[in-house]
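[1] return atomic coordinates for the entry below.
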Amino acid sequence: MAEIVVVGSLNLDTTAHVGRLPRPGETVLGTGHTSDTGGKGANQAVAAARLGRSVAMVGRIGRDDVGARIARFLDAEGVDASHVTVDEATPTGMAFITVDGSGENMIVVSPGANAELSIRHLEECADVIAGASVLLLQLEVPLEVVHHAAVLCSGTVILNPAPAADLPMSLLDAVDIIVPNRTELAALSGSGPIGSTEEIAAQLDLLPVEVGIVTLGEDGALVRAAGETTIVPAPVVEAVDATAAGDAFCAGLADAIAGGAEPVAAARWGVRVGAMAATRRGAQASLPTRAEVEALV
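    Numbering: from 1, shown residues only. Below is the predicted model of the structure:
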C-alpha cells in the first residue's frame, strides 16, 4: 500500500521564458521555450517519490502521445500509475506557462481529461485512497472528486487549494491540513489582499481546518496550528523558475507528515524542498531528490 496517494491532474507543460511577464494585451518576445510533463497532481506525486516515499497517483489522461509520455515518466520515477485511467474521447490536459527573469510565472491550464476524472474512478481504487498515510489533493480535477477522495481517506488529508477557489465548508471539514498561498487564502476567506502575519493568521482561523500553512514564496511559510503562529524562513537560493516550487513544498510537507513530523517541522522540510526546486527550470525536471535537499545549506 502506498504511503502517499495523490489524486489530481496530469498535464503537459509548455513553458516560455521571457525577460518580464506581459501586461494584458501585450506581446513580449521570449528567450526560449521547453516542454515538460506536469500537472499539480503529477508534480506532487513525482516530488514525493524522489524524496523516497512509496507513492500512488490517481488521475486521468487521454489516449494520445502526451498521455502515454506522462504514464511512462511516472513509471520511470517509481510512481504507481495503475490508477491513472485513460479517456477515449478527451485529450490529455495542457498547461501554458510564462516565466520571467526572476522566476515569477503566469500559468493557464486547459484541463482536458483531468476534467473527466469521476467519483466512479475513485471507487475503483477506494482501498488505496483509504489506506494512505497521507492524501494529497489540489483543485485541477472536479471539486466533487476532491471532496469524495478526502472523505474516503482515513489518514492525513492535505489540500493545496490551487487554482484559487471558494470551497464548500463540507470539503474543508474533511481536510486536516490546508496549504494555500496568499491569493488562494484570500479566495477561501472572501477577503481582499492579505499581507501581514496577523492578517494571514486571522483568515486561517476562519477555516474549519486543524492546521493552516500558507506558502510565502521566498519568505518561506507561515504555520498556524493550535492557536500558535510560526514563520518558517526559506533558504536563500538563486531562483530561476518557481513553477513547481509550491508543488515541491506540498510533497516535502507530505513526506515529513508521513514520517511522523509535526506541522512546523514538516513545513521546515517543505520550504527546503520548494527552494531547491526553484533553482532549476521546468516542472518535474526541477524536482529534487532527498540527497539534493539534504545538501542544501
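[2] per-residue confidence at residue 139?
    Per-residue pLDDT puts residue 139 at 97.
[3] go on, residue 297?
    69.
[4] ranges for the helices of the stretch 101-250 of the chain?
    Assigned by DSSP state H, counting those that start in this stretch, the helices in the stretch 101-250 of the chain fall at 119-123, 126-130, 143-152, 169-173, 182-189, 197-204, 245-258.
[5] any idea which of those is most buried?
    Among the helices of the stretch 101-250 of the chain, helix 245-258 has the highest mean neighbour count (mean count of other C-beta atoms under 10 Å), at a mean of 29. (Each C-beta comes from the backbone N, C-alpha and C, glycine too.)
[6] helix 245-258 and the next helix-or-strand element following that one, what's the angle between them?
    Following helix 245-258 in sequence order, the next helix or strand is helix 263-277 (DSSP states H and E). Between helix 263-277 and helix 245-258, the angle comes out at 140 degrees (axes from the mean of the first three to the mean of the last three C-alpha atoms, to 10 degrees).
[7] which residue ranges of this protein form strands?
    Under the criterion DSSP state E, the chain carries strands at the ranges 4-7, 11-18, 30-38, 55-62, 80-87, 93-99, 105-110, 134-137, 156-159, 177-178, 211-215, 221-225, 228-232.
[8] most packed of those?
    Compared across the strands of the chain, strand 4-7 shows the largest average neighbour count, a mean of 32 (mean count of other C-beta under 10 Å).
[9] tell me what residue 109 is bridged to.
    Note on residue 109: beta-bridge partners residue 95, judged by DSSP bridges.
[10] sorry, back to before: and the strands of the chain as CSV, adding distance to residue 45?
    As requested, the strands of the chain are arranged in CSV below (distance: least, C-beta to C-beta, whole Å):
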stretch, distance to residue 45
strand 4-7, 4
strand 11-18, 13
strand 30-38, 11
strand 55-62, 4
strand 80-87, 9
strand 93-99, 15
strand 105-110, 17
strand 134-137, 8
strand 156-159, 13
strand 177-178, 17
strand 211-215, 18
strand 221-225, 21
strand 228-232, 24
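[11] out of the ones you listed, which gets nearest to residue 255?
    strand 4-7 (7.3 Å; C-beta to C-beta).
[12] show me what that closest one is packed against.
    Applying 3 or more C-beta pairs under 8 Å, 6 or more residues apart in numbering; DSSP states H and E, one finds that strand 4-7 contacts helix 40-50, strand 55-62, helix 126-130, strand 134-137, helix 143-152, helix 245-258.
[13] in JSON lines, list these along with distance to residue 70.
    Shown next, in JSON lines, are the helices and strands packed on strand 4-7 (distance: least, C-beta to C-beta, whole Å):
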{"stretch": "helix 40-50", "distance to residue 70": "7"}
{"stretch": "strand 55-62", "distance to residue 70": "6"}
{"stretch": "helix 126-130", "distance to residue 70": "19"}
{"stretch": "strand 134-137", "distance to residue 70": "17"}
{"stretch": "helix 143-152", "distance to residue 70": "18"}
{"stretch": "helix 245-258", "distance to residue 70": "15"}
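[14] closest to residue 105 out of the ones you listed?
    helix 245-258 (9.5 Å).
[15] so how far is residue 252 from residue 182?
    For residue 182, the distance to residue 252 (C-beta to C-beta, to the nearest Å) stands at 19 Å.
[16] what do you get for residue 102?
    Look at residue 102 and residue 252: by C-beta to C-beta, they are 22 Å apart.
[17] repeat that for residue 76.
    21 Å.
[18] show me what the helix-or-strand element of the chain with minimal mean pLDDT is packed against.
    Least confident helix or strand of the chain, by mean pLDDT, DSSP states H and E, is strand 105-110 with a mean of 88. The contact analysis (3+ C-beta pairs under 8 Å, 6+ apart) places strand 105-110 against strand 93-99.
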